[in-house]
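J.: no letters, just coordinates:
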């Protein structure tokens, strides 16, 4: 999959590549119509882009897209767009950042002299109203 195919192999595989591009175009169409969650589309798009970086897929896409310039418009448009951070990636980054940020319960505050040292040593104290 990650290498070039011989010319005769590439021609025999072309119908399979065509069906893959057609499916990918349908996925891009569903995304454009708002029928997919952004996380789903981002995962699908990442897979499409990764496949099109493979020599056999790239050669097939170049061939098919040149032979059918009026087809696969949704896929063509989707491939022009920069990849967006997926919802799951954003959640992972947010979760990691919040895990590093100490949380002080509402109504509690550590006095300034206790802010030196390891976070485990902090003892929150009740703030007097």
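T.: Sure, I can see it. Computed from a prediction, not measured in an experiment: that's the story for all the values here.
J.: okay, CA-based contacts and neighbour counts for the rest of this
T.: Will do.
J.: next helix or strand past the helix with the most length in the chain?
T.: Longest helix in the chain, counting residues (DSSP state H): helix 7-32. Proceeding N to C from helix 7-32, the next assigned helix or strand is helix 38-52, under DSSP states H and E.
J.: what comes up buried for that next one?
T.: For helix 38-52, the neighbour count (16 or more other Cα atoms under 10 Å) marks 38, 41, 42, 45, 46, 48, 52 as buried.
J.: for these, which one is nearest residue 72?
T.: Distance to residue 72, by Cα to Cα, is smallest for residue 48 among these, at 13.3 Å.
J.: ok, that closest one touching residue 25?
T.: No - using Cα atoms under 8 Å, residue 48 is not in contact with residue 25; the gap is 9.9 Å.
J.: where are the low-confidence patches of this protein?
T.: 1-2, 84-129 (pLDDT under 70).
J.: rerun that using 90 as the cut-off
T.: Filtered on pLDDT under 90, the chain yields the residue ranges 1-6, 81-129.
J.: isn't residue 3 right next to residue 53, touching?
T.: No - contact status for residue 3 versus residue 53: not in contact, 10.4 Å apart, counting by Cα under 8 Å.
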